[in-house]
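[1] Got a sequence here, can you build the structure:
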Amino acid sequence: MTVRQGAHQDTTSVETHFRKSILENGIRVVSEYIPTVRSVSVGLWIDVGSRNENIGKNGISHFLEHMVFKGTRRRNMRQIAQSIESIGGYINAFTTKEHTCFFARVLDEHLDKAVDVITDLVKEPTFNPKEITKEKNVVLEELKQIEDDPDDVIHDYLDKVMYHPHPLGEPIIGNSESIQTIDRNDLFDHLNHNYTPDRMVLAAAGNVDHDELVASAEKYIGSLKRSPYENGKFRLPRKRSRYVEIKKPVQQAYVCMGIKTFGVHSKNRYPLLILNALLGEGMSSRLNQVIREKHGLAYTTFSFVNLLKDTGMFGIYVGTDTEKVNKAMKLINNEFEKLQNKPIPRAEMNRTVSQIKGNLMLGLENMSSRMMRIGAGELYFKRYTSLDTMLQKIDEVSTDDIQRVAQEVLNTNKFSTVVFKPSM
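    Residues are numbered from 1 along each chain as shown. The predicted model follows:
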């Protein structure tokens, strides 16, 4: 049986109801009830990602995520796919730097089936040696595809420049050498050490009855044993600042620059999110208006924020002609200086805050997005943060807060930069 339950009412726009239970073995079950839909999105989250990997086995979290779909003791790979697709549903998975998630979206009447299938993936995968060999080839092709996309892979290069030899400096997918070394014993070892009840969250959003969700969790994963292993403590990457140019078979130059920031628990989280939106998110952002619209230097430019448990990154991306890289960098630095030294006009601040709040609320019209929010929120904070609370936190940010964070983060001399330049 469960050992604790809690509830929270979110009053923004659509009526919702959040509940949380903890099974006796430590698995957390969270749900957000949305009575106005007929679907439910359910995900099994595991608190393990690429930063938990040992050097030499980079990519094993992602590879394991692939391999569980190749068969379990109860289902072969075709039966896994058909079990959800035959009822009109969708099943998939993803791996991040810190988490792995297996999820399905189905009609509400098929909730139990969805829980059955996604939990079966992690309970008893078989890791057939023949399938391991085949899937290595699949992942290697995926790796080639990523390498062929410069505006995607440049972010992995930036991670390496900023964090290597820390695991955060390695791509989530791994590399061709590490993928080749992974064997069946490695997969079972990674599964047994990390896919344990204390690191699992079952999250669901939509027309979901929480008690039914808990009953399904009890039935399918309530018997999982608590872990005999201690969770390893994260070590933080060292701070570094480097500039790297790399020749690539590309037509234009690609620039990606980043600086280490605070983590997801920092009080500066919301000011940084607003700063990011103001500087480089959307067509009305400062970078897009200056670099693209005013000077015509780039088709794509944006800023981004990646917040992790104990660290984070703020970054800038731009793709431009090789001869215009220096001009684009100068314009970026000019925008940095303006944000550090000039108060943000109230109208621009209000517009940016409205943009963020609107994006949040529109995103929550999707049940999968709601499930992602409460699942990741439970892993990061071990509590529910309502949309009302998030909107209030955003409204509480002042223009002084933005300027203070800009002065701390937008220090050009501390940024690391990767530039892809045409090799021909």
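
[2] centroid residue for the chain?
    In the chain, the residue lying closest to the centroid (Cα atoms, centre = their mean) is Thr96, at 5.3 Å.

[3] count of neighbours near Ile87?
    Applying other Cβ atoms under 10 Å, we find 14 residues neighbouring Ile87. The C-beta positions use only the backbone N, C-alpha and C, and glycine is treated the same way.

[4] Please apply the same query to Arg292.
    Arg292: 18 neighbours (other Cβ under 10 Å).

[5] Could you do Gly89 as well?
    Residues within reach of Gly89, counting by other Cβ under 10 Å, total 20.

[6] If we ignore the residues flanking it in sequence, what's nearest it?
    Nearest residue to Gly89 in three dimensions, chain neighbours excluded: Val106, at 3.7 Å (Cβ to Cβ, 6 or more residues apart in numbering).

[7] cool, Arg199 as well?
    Asp47 (4.0 Å).

[8] Next one: that neighbour from His193, what distance?
    Separation of Asp47 from His193 (Cβ to Cβ, to the nearest Å): 12 Å.

[9] how about stretch 267-274: buried residues?
    268-274 (16 or more other Cβ atoms under 10 Å).

[10] Ok, stretch 172-180 next?
    Counting neighbours by 16+ other Cβ under 10 Å, one finds that the buried residues in stretch 172-180 are 172-174, 178-179.

[11] so of those residues, which ones are in helices?
    Under the assignment DSSP state H, those contribute 178-179 to helices.

[12] got CSV for the buried residues of stretch 172-180, with distance to Met77 and pLDDT too?
    Formatted as CSV, the buried residues of stretch 172-180 follow (distance: Cβ to Cβ, whole Å; pLDDT from 0 to 100):
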residue, distance to Met77, pLDDT
Ile172, 22, 97
Ile173, 20, 96
Gly174, 22, 95
Ser178, 24, 95
Ile179, 20, 96
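
[13] Out of the buried residues of stretch 172-180, which is nearest to Leu410?
    Of all the buried residues of stretch 172-180, Leu410 sits closest to Ile172, with 27.2 Å by Cβ to Cβ.

[14] low-confidence ranges in the chain?
    Judged against pLDDT under 70, the low-scoring parts of the chain cover residues 1-16, 227-240.

[15] Pop the domain breakdown of it in here.
    2-221, 243-422 (automatic domain parsing).

[16] Between the two ends of the last one, how far is it?
    It refers to domain 243-422. Here the two ends of domain 243-422 are set 17 Å apart, with distance taken as Cα to Cα, to the nearest Å.

[17] Specify the beta-bridge partners of the residue nearest to Gly89.
    Judged by DSSP bridges, the bridge partners of Val106 are Val40.

[18] quick one: the strands in this structure?
    Using DSSP state E, the strands found in the chain span residues 2-10, 16-23, 28-33, 39-46, 90-95, 100-107, 200-206, 243-248, 253-261, 298-307, 312-320, 416-422.
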